[in-house]
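>>> the following block contains a protein sequence and its predicted model.
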Amino acid sequence: RALEHLDRAQSIDPEFPFARALAAWCHAQRAACCFGGTVEVDRQKARHLTMLTLTMDNRDPLVLAILGQASTIFADLDLGSLLIEKSLAIDPGRPLAWQRRGWLGVYRGSDGALADFDRALALNPRGPERFNTLLGISQAHFLAGNYAEAANWAGQGIRERPHETWARRIAAVAQVRCGQVAAGRRG
């Protein structure tokens with residue numbers, strides 16, 4: 001449905017980069033979660049919309065953060081990093097950009113991921129991206145071998161969105177690693 005509305009917005013105003021960036025993100029999400037049935041088609045569509053949007057407007061920090069998020073989802077970490085850094089250079093107070101920078105750090109095994117997630121939470125402690133930030137903090141702790149902390153942060157994420165399967169998978173593995181086997185099995 002979101003893509004239908006975004007397609008309509010783009011047909012009304014083809015030069016509206018925000019709608020195109022969100023469409024790129026939606027296609028990337030569909031590919032990552034296998035929602036569309038044609039993962040590679042969605043991945044290519046996300047890439048195409050990202051590049052097309054960058055020809056339109058590459059100075060809006062929110063558009064850049066969304067495109068950076070889409071790029072990391074369709075596994076172009078170098079492009080995602082470039083876009084996130086550009087977004088933060090324009091607006092260092094953009095929580096979504098800090099959160100995505102944290103995820104990039106997780107994907108690349110960087111020690112700075114926790115600081116980036118902390119910054120995202122400090123800038124917007126109750127924002128719509130809070131859940132993804134909590135799970136990012138969990139992943140960063142997990143990669144550092146802090147399994148009890150990873151389980152704790154994943155648990156916070158689950159309390160916010162109890163039906164998110166991927167949060168339960170993260171929590172279960174962290175719980176088992178820190179000796180909470182029964183809790184990990186309950187998942």
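Perfect, thanks for sending it. Residues are numbered from 1 along each chain as shown.
>>> next, the buried residues of the helix or strand bottoming out on mean pLDDT in the chain.
Ranked by mean pLDDT, DSSP states H and E, the helix or strand of the chain with the weakest confidence is helix 181-186, at a mean of 82. The neighbour-count criterion (16 or more other Cβ atoms under 10 Å) identifies Ala183, Gly184 as the buried residues of helix 181-186. C-beta: built from backbone N, CA, C; applies to glycine.
>>> again with stretch 121-132
Under the neighbour-count rule (16+ other Cβ under 10 Å), stretch 121-132 has Leu121, Leu123, Asn124, Glu129, Arg130, Phe131, Asn132 buried.
>>> cool, and stretch 1-19?
Within stretch 1-19, the residues that qualify as buried are Leu6, Ala9, Gln10, Phe16, Pro17, Phe18, Ala19, counting by 16+ other Cβ under 10 Å.
>>> and the furthest pair within those?
Checking the buried residues of stretch 1-19 against each other with Cβ to Cβ, the farthest-apart pair comes out as Leu6 and Pro17, at 11.8 Å.
>>> returning to that earlier point: in JSON lines, list the buried residues of stretch 121-132 along with pLDDT, distance to Val176 and secondary structure.
Rendered in JSON lines, the data for the buried residues of stretch 121-132 read as follows (pLDDT from 0 to 100; distance: Cβ to Cβ, whole Å; DSSP: H, G, I helix; E, B strand; the rest coil):
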{"residue": "Leu121", "pLDDT": "97", "distance to Val176": "26", "secondary structure": "helix"}
{"residue": "Leu123", "pLDDT": "97", "distance to Val176": "33", "secondary structure": "helix"}
{"residue": "Asn124", "pLDDT": "95", "distance to Val176": "32", "secondary structure": "coil"}
{"residue": "Glu129", "pLDDT": "91", "distance to Val176": "28", "secondary structure": "coil"}
{"residue": "Arg130", "pLDDT": "96", "distance to Val176": "25", "secondary structure": "helix"}
{"residue": "Phe131", "pLDDT": "96", "distance to Val176": "22", "secondary structure": "helix"}
{"residue": "Asn132", "pLDDT": "95", "distance to Val176": "23", "secondary structure": "helix"}
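>>> farthest-apart pair in those, please.
Checked with Cβ to Cβ, the buried residues of stretch 121-132 reach their widest spread between Leu123 and Phe131, with 15.5 Å between them.
>>> may I see the buried residues of stretch 37-49?
By neighbour count, with 16+ other Cβ under 10 Å as the criterion, the buried positions of stretch 37-49 are Asp42, Arg43, Lys45, Ala46, Arg47, Leu49.
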